[in-house]
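Q: mind looking at a prediction? Sequence and model below.
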Amino acid sequence: MKIAIIGQQDYGKAILDAFLARKDDVAGVFCAPEKPGAKADPLRAAAEEKGLEVFQFKSLRDPEAHDALKSLKADLGIMAYVLQFAPDTLVKIPRLGTIQYHPSLLPKYRGPSSINWPIIRGDTRTGLTIFRPTEGLDEGPVVLQKECDIGPDETIGDMYFNKLFPMGVEAMLEAADLVLAGKHREVVQDESKASYEGWCREGEARIHWAHHVDFNYNLIRGCNPAPGAWTTLGGKKLQIFDARKHVFRRFADVAGKIGEVSGITDASFKVTAQGGMIEVLRARGEDGKKVSGGEFARAAGLAAGTLLGN
């Protein structure tokens, strides 16, 4: 088939590599312009290395973007991790239209942080959707979906790199073949089951130790590695990455007050929350690099009773 790829970053590159590996005709690649001084986008670099035509427009609404896509005479448009808005007038240009990847089971978790939020909310299942893009964000008809478990200790990094990324590449190939053969179904999303969440950023990633230990643990793993859950130590930001949850079973198990450092080991330090403790295995101070929890505790002079988050 003859395709046009619209995307960026490593996922866009992986999609490009997958279609080229099976000898599909990639007519051209659209990639968002890099910020001044930034390294070349992996998708752009890979496309140029293979001698493919690359287009970079500040806006996909531009008439020039439409003209460029028309010139390719593609059978199908492939949207692989696209942060630019793509209007209906653009995505309908290829002969068979366009399909797009989204890392959630639409209509749940529409929006840009759709891998973070299911983990933060304690969900045990998620997945990916290949759908027809429309001008409503993540609202178009579903072509294909794949599901996977969220393990009780899995982070956003685990879910993306081990599951949603490789599954997404295979699903995009499968969906493209179905559309080309005319064997796909397009299922309208059920609006009664829809949800939309915005970016999970610094403000959303702050740890409140008075919240239940389950919630705090889910927040930490749902922000690991990005944006990084955080608290404060002496008024300075302390990010927490790898961690372990300990649940209090009896009143006698309770150690320390909410937000207090309640124990330190060679490899970690523990912080009391409501209903249990978070054992911090990897952390980063405001001016430092990621280190083990134990190394951070020694360098920062943590001791039992040190209060975090105040």
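A: Received the coordinates, thanks.

Q: who touches stretch 74-83?
A: Here stretch 74-83 makes contact (C-beta atoms under 8 Å, 6 or more residues apart in numbering) with 1-9, 11-12, 14-16, 19, 27-28, 32, 43, 69, 86, 91, 93-101, 112, 133, 172, 176, 179-180. For the C-beta atoms, the positions are set from N, CA and C on the backbone; glycine is no exception.

Q: which of those fall within helices?
A: If you go by DSSP state H, those have 9, 11-12, 14-16, 19, 43, 69, 91, 172, 176, 179-180 in helices.

Q: closest to residue 248 among those residues?
A: Minimum distance to residue 248 across the ones in helices among the contacts of stretch 74-83 is 40.7 Å, recorded for residue 11 (C-beta to C-beta).

Q: my read: the closest one touches residue 165, true?
A: Yes. Using C-beta atoms under 8 Å, residue 11 is in contact with residue 165, at 6.2 Å.

Q: okay, the two: which has more neighbours?
A: Remark: of residue 11 and residue 165, residue 11 carries more neighbours, 22 against 18, as counted by other C-beta atoms under 10 Å.

Q: contacting residues for the more buried one?
A: Applying C-beta under 8 Å, 6+ apart to residue 11 gives the contacts 80-81, 101, 165, 168-169.

Q: one more pass at 10 Å, please.
A: Residue 11 sits next to 42-43, 80-82, 101, 103, 160, 164-165, 168-169, 172 when contact means C-beta atoms under 10 Å, 6 or more residues apart in numbering.

Q: could you do residue 215 as well?
A: 120-122, 207-208, 273-275.

Q: mind giving me the ChimeraX command for buried ones among those residues?
A: In ChimeraX, a selection of the buried entries from the contacts of residue 215 looks like this (16 or more other C-beta atoms under 10 Å):
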select :120,207,273,275
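
Q: in strands, which of the contacts of residue 215 fall?
A: In strands, defined here by DSSP state E, the members of the contacts of residue 215 are residue 273.

Q: just the contacts of residue 215 now: which is nearest residue 239?
A: residue 207 (9.7 Å).

Q: what is the neighbour count of the residue nearest to residue 102 when sequence neighbours are not counted?
A: In space, and not counting its chain neighbours, residue 102 is closest to residue 129: 4.8 Å by C-beta to C-beta, 6 or more residues apart in numbering. Using other C-beta under 10 Å, residue 129 is surrounded by 27 other residues.

Q: in the stretch 151-300 of the chain, which spans are helices?
A: Along the stretch 151-300 of the chain, counting by DSSP state H, counting those that start in this stretch, helices occupy 156-159, 165-181, 213-222, 293-300.

Q: just name the most buried of those helices.
A: helix 213-222 (a mean of 23; mean count of other C-beta atoms under 10 Å).

Q: so who does residue 268 touch?
A: With contact taken as C-beta under 10 Å, 6+ apart, residue 268 is in contact with 242-244, 278-283, 292-297.

Q: the residues you listed: which two are farthest apart?
A: Across the contacts of residue 268 (C-beta to C-beta), the longest gap, 17.1 Å, separates 278 and 295.

Q: look up how far residue 80 lies from the closest residue to residue 187 other than its chain neighbours.
A: Spatial nearest neighbour of residue 187, excluding adjacent residues (C-beta to C-beta, 6+ apart): residue 142 at 4.6 Å. The gap separating residue 142 from residue 80 is 17 Å, by C-beta to C-beta, to the nearest Å.

Q: which one's more surrounded, those two?
A: residue 80 (25 against 21).

Q: which stretches of the stretch 101-250 of the chain form strands?
A: Taking DSSP state E, counting those that start in this stretch, the strands of the stretch 101-250 of the chain run over residues 125-131, 142-149, 229-233, 236-240, 243-247.

Q: give me the residues contacting stretch 54-67.
A: Defining contact as C-beta under 10 Å, 6+ apart, one finds that stretch 54-67 is touched by 4-6, 8, 28-34, 41, 43-48, 68-69, 71-72, 82, 84-87, 89-91, 93.

Q: buried subset of those residues?
A: Counted by 16+ other C-beta under 10 Å, those give 4-6, 8, 28-32, 41, 43-44, 46-47, 68-69, 72, 82, 84, 86, 90-91, 93 as buried.

Q: so how far is residue 237 from the nearest residue to residue 268 once chain neighbours are set aside?
A: Spatial nearest neighbour of residue 268, excluding adjacent residues (C-beta to C-beta, 6+ apart): residue 293 at 3.8 Å. Residue 293 is 16 Å from residue 237, where distance means C-beta to C-beta.

Q: list the residues that contact residue 221.
A: Residues near residue 221 by C-beta under 10 Å, 6+ apart: 116, 119-120, 150-159, 229, 241-243, 245.

Q: pLDDT score for it?
A: pLDDT, residue 221: 98.
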